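Participant: just to be clear, the model below is a prediction. Sequence and coordinates:
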Amino acid sequence: AIAKRFVFHKQENTPQEKGECERKMAETILRMTGIQKYFPGVHALDNAQLEVREGEVMALVGENGAGKSTLMKVLTGIYPSDGGTIEFFGKHAEIHGPRDAQALGICIVHQELNLMQHLTVAENIYIGREPMKGPFVDKAKQNAMTQELFDKLHLDLDPKAVVKTLSVAKQQMVEITKALSHENTRLLILDEPSAVLTDTEIDDLFVFIRQLKKTGVGIIYISHRLDEIFGLCSNVSVLRDGCHIDTIPVASVDRQGLINMMVGREMGQEYPKEVGNVGGTILEVKNLSRGILQDISFEVKSGEVFGISGLVGAGRTELARAILGIDKPESGEVYVRGKKVHYRTFADAIRDGLGLIPEDRKLQGLVQIMSVKRNTTLVNMKRVLRAGVISSSLEEKLSKEYADKLHVVTPSMETEVQYLSGGNQQKVVIAKWLFQNSEILFLDEPTRGIDVGAKAEIYRLINRMAKEGKTIIMISSEMPELLGMCDRIMV
């Protein structure tokens with residue numbers, strides 16, 4: 001009888017039903033209705049909506065340019081809305097700036113890092129909220145408060161460290177800690193928080209998020225890594241072209257169904273690997289050492305997609321920089337096409353047919369105040385010169401070809417890159433190096449912040465380049481990506 005009652009209880013309360021029941025009982029923290037947002041030439045948000053309840057992790061998904069970040073910037077007062085209403089705990093909320101949002105208890109961790117590089121970790125976390133000792137900042141207390149936060153999050157960080165000395169992954173963790181340091185946080189927005197984190201760091205983040213749920217904090221989780229959505233979130237809201245498509249329990253949809261909702265079409269194979277024209281050795285590294293790198297040796301063949309795997313901080317990016325002449329190796333040899341090379345600068349490597357799509361697109365990949373067109377052609381201006389003068393029409397034509405190939409969402413080719421979404425900025429970086437036509441191309445986290453549809457386009461481009469005999473060296477934290485696309489992987 002007990003067994004029968006137990007089975008009956010399980011049948012009556014599936015995870016989906018239980019989740020829906022709990023959601024109905026929890027108080028609504030946020031309700032955004034009919035949100036409109038216009039930019040020159042773009043209707044970025046068209047009647048968008050979103051609802052989050054206490055203790056809920058709500059996934060917000062969509063392709064690059066779908067309006068996810070724009071909707072969050074409206075919510076946090078960075079952009080004024082052009083229509084619609086926002087309710088916070090059932091009351092109409094007027095959010096005219098970030099301070100209004102913070103006063104309500106809304107905190108955000110942006111996709112792009114916004115830390116002050118010359119200040120310490122503790123100074124960044126408590127900027128504008130410093131503990132005082134008379135007329136002076138109590139730095140000892142500030143450092144102690146920061147260390148207490150790190151202990152709670154199981155983070156191995158030094159509060160006194162200057163931010164510019166930290167890796168991108170550690171800077172991301174500082175951003176998250178900064179958002180969580182506000183005592184009145186009721187709604188936390190995480191925009192691609194795991195893009196540069198190791199599996200261990202992601203596990204720690206997920207543990208903390210689950211702990212945070214129990215306190216009643218609502219969480220909006222934006223990510224292109226769908227495995228995280230299914231492993232962490234209870235409900236998912238889908239945006240496409242600035243419009244709200246649907247909000248459903250995660251348990252009621254599978255991965256392929258969610259992808260189809262995001263892109264509005266059937267998707268093919270996620271990792272469309274094709275066999276390239278692999279030839280002889282084109283790049284050989286012998287006993288290279290610099291800093292964390294000790295006695296590294298390997299070789300790569302022409303037409304090969306060669307993966308480099310390892311945890312963040314293992315030396316993957318440092319290896320690429322040492323080979324390309326950005327950093328000078330302490331010892332070791334590099335051979336390209338069988339010839340020993342000594343690249344004094346990155347420009348030497350570019351002239352020799354090598355290129356790099358860097359991990360940090362904001363600081364190293366783009367000139368933010370330049371147009372999409374100029375960023376695309378910047379590395380190889382010779383292609384758009386006519387009689388020593390830049391041909392504007394040719395530059396427009398060629399840059400648009402590459403933007404169309406990668407489906408860059410932009411009002412025009414004259415739009416400054418800083419106004420594009422993070423994913424579309426990444427596509428412009430890739431377009432630049434495709435335009436350069438490099439023979440050996442290093443891709444450092446090439447699909448970070450890129451949606452599934454755009455990833456498929458990039459993978460097809462990688463296949464095409466490999467078939468043309470170009471060599472692709474892919475550095476990635478996503479193991480399925482490496483296993484799905486590479487011929488060989490070095491760990």
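Facilitator: Here it is on my side, so go on.
Participant: helices or strands up against the helix or strand hosting Lys213?
Facilitator: Per DSSP states H and E, Lys213 falls inside helix 199-214. Packed against helix 199-214, as judged by 3 or more Cβ pairs under 8 Å, 6 or more residues apart in numbering; DSSP states H and E, are the following elements: helix 139-153, helix 168-180, strand 218-222, helix 226-232. From N, CA and C alone the C-beta is placed, and that goes for glycine too.
Participant: and it, average pLDDT?
Facilitator: The pLDDT scores in helix 199-214 average 79.
Participant: buried residues, it. List them.
Facilitator: For helix 199-214, a neighbour-count test (16 or more other Cβ atoms under 10 Å) marks Glu201, Ile202, Asp204, Leu205, Phe208, Ile209, Leu212, Lys213 as buried.
Participant: distance from the chain centre to that helix, please.
Facilitator: Distance, stretch centre to chain centre, for helix 199-214: 18 Å (Cα atoms, centre = their mean, to the nearest Å).
Participant: so where's this protein shaky on pLDDT?
Facilitator: Judged by pLDDT under 70, the chain has its weakly predicted residues at 1-25, 196, 198, 265-270.
Participant: ok so, going back, could I get the CA-only coordinates of the helix holding Lys213 as CSV?
Facilitator: Only the C-alpha atoms of helix 199-214 are listed here, as CSV (Å, rounded to 0.1, in the frame of the first residue of the first chain):
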residue,chain,number,x,y,z
ASP,A,199,34.3,23.9,-15.8
THR,A,200,35.3,24.1,-12.1
GLU,A,201,34.5,27.8,-12.0
ILE,A,202,31.2,27.2,-13.7
ASP,A,203,30.3,24.5,-11.1
ASP,A,204,31.1,26.9,-8.3
LEU,A,205,28.9,29.5,-10.0
PHE,A,206,26.0,27.1,-10.3
VAL,A,207,26.3,26.0,-6.7
PHE,A,208,26.1,29.7,-5.6
ILE,A,209,23.1,30.3,-8.0
ARG,A,210,21.3,27.4,-6.5
GLN,A,211,22.0,28.7,-3.0
LEU,A,212,20.8,32.2,-4.0
LYS,A,213,17.5,30.7,-5.3
LYS,A,214,16.7,29.5,-1.8
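Participant: quick one: the strands in the stretch 51-200 of the chain?
Facilitator: Using DSSP state E, counting those that start in this stretch, the strands found in the stretch 51-200 of the chain span residues 57-61, 85-88, 91-92, 106-109, 132-133, 136-137, 187-191.
Participant: of the ones you listed, which is nearest Gly355?
Facilitator: Comparison of those against Gly355 by Cβ to Cβ identifies strand 187-191 as nearest, at 28.5 Å.
Participant: tell me the angle of the closest one relative to strand 57-61?
Facilitator: For strand 187-191 against strand 57-61, the angle by axes from the mean of the first three to the mean of the last three Cα atoms, to 10 degrees is 40 degrees.
Participant: which elements pack onto strand 187-191?
Facilitator: helix 68-75, strand 106-109, helix 168-180, strand 218-222.
Participant: list the buried residues in the longest one.
Facilitator: Translated: helix 168-180. 168-180.
Participant: what is the most widely separated pair among those?
Facilitator: Maximum distance among these (Cβ to Cβ): 19.2 Å, for Val168 and Leu180.
Participant: tabulate the strands of the stretch 51-200 of the chain (JSON lines), appending distance to Glu299 and mean neighbour count.
Facilitator: Shown next, in JSON lines, are those (distance: least, Cβ to Cβ, whole Å; neighbours: other Cβ atoms under 10 Å):
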{"stretch": "strand 57-61", "distance to Glu299": "40", "mean neighbour count": "25"}
{"stretch": "strand 85-88", "distance to Glu299": "57", "mean neighbour count": "17"}
{"stretch": "strand 91-92", "distance to Glu299": "64", "mean neighbour count": "8"}
{"stretch": "strand 106-109", "distance to Glu299": "40", "mean neighbour count": "25"}
{"stretch": "strand 132-133", "distance to Glu299": "59", "mean neighbour count": "11"}
{"stretch": "strand 136-137", "distance to Glu299": "54", "mean neighbour count": "12"}
{"stretch": "strand 187-191", "distance to Glu299": "39", "mean neighbour count": "24"}
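Participant: distance to Glu148 added to these, as a markdown table?
Facilitator: Formatted as a markdown table, the strands of the stretch 51-200 of the chain follow (distance: least, Cβ to Cβ, whole Å):
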| stretch | distance to Glu148 |
| --- | --- |
| strand 57-61 | 25 |
| strand 85-88 | 29 |
| strand 91-92 | 33 |
| strand 106-109 | 18 |
| strand 132-133 | 18 |
| strand 136-137 | 17 |
| strand 187-191 | 19 |
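Participant: to Phe39, which of those lies closest?
Facilitator: With Cβ to Cβ as the criterion, Phe39 lies closest to strand 187-191 of these, at 18.5 Å.
Participant: ranges for the helices of the stretch 301-450 of the chain?
Facilitator: 316-323, 346-351, 372-377, 392-405, 422-436 (DSSP state H, counting those that start in this stretch).
Participant: possible to save these as JSON lines with distance to Lys164?
Facilitator: JSON lines is the format used below for those (distance: least, Cβ to Cβ, whole Å):
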{"stretch": "helix 316-323", "distance to Lys164": "15"}
{"stretch": "helix 346-351", "distance to Lys164": "20"}
{"stretch": "helix 372-377", "distance to Lys164": "24"}
{"stretch": "helix 392-405", "distance to Lys164": "32"}
{"stretch": "helix 422-436", "distance to Lys164": "21"}
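Participant: winner for burial among the ones you listed?
Facilitator: Per residue and on average, the most neighbours among these fall to helix 372-377, with a mean of 25 (mean count of other Cβ atoms under 10 Å).
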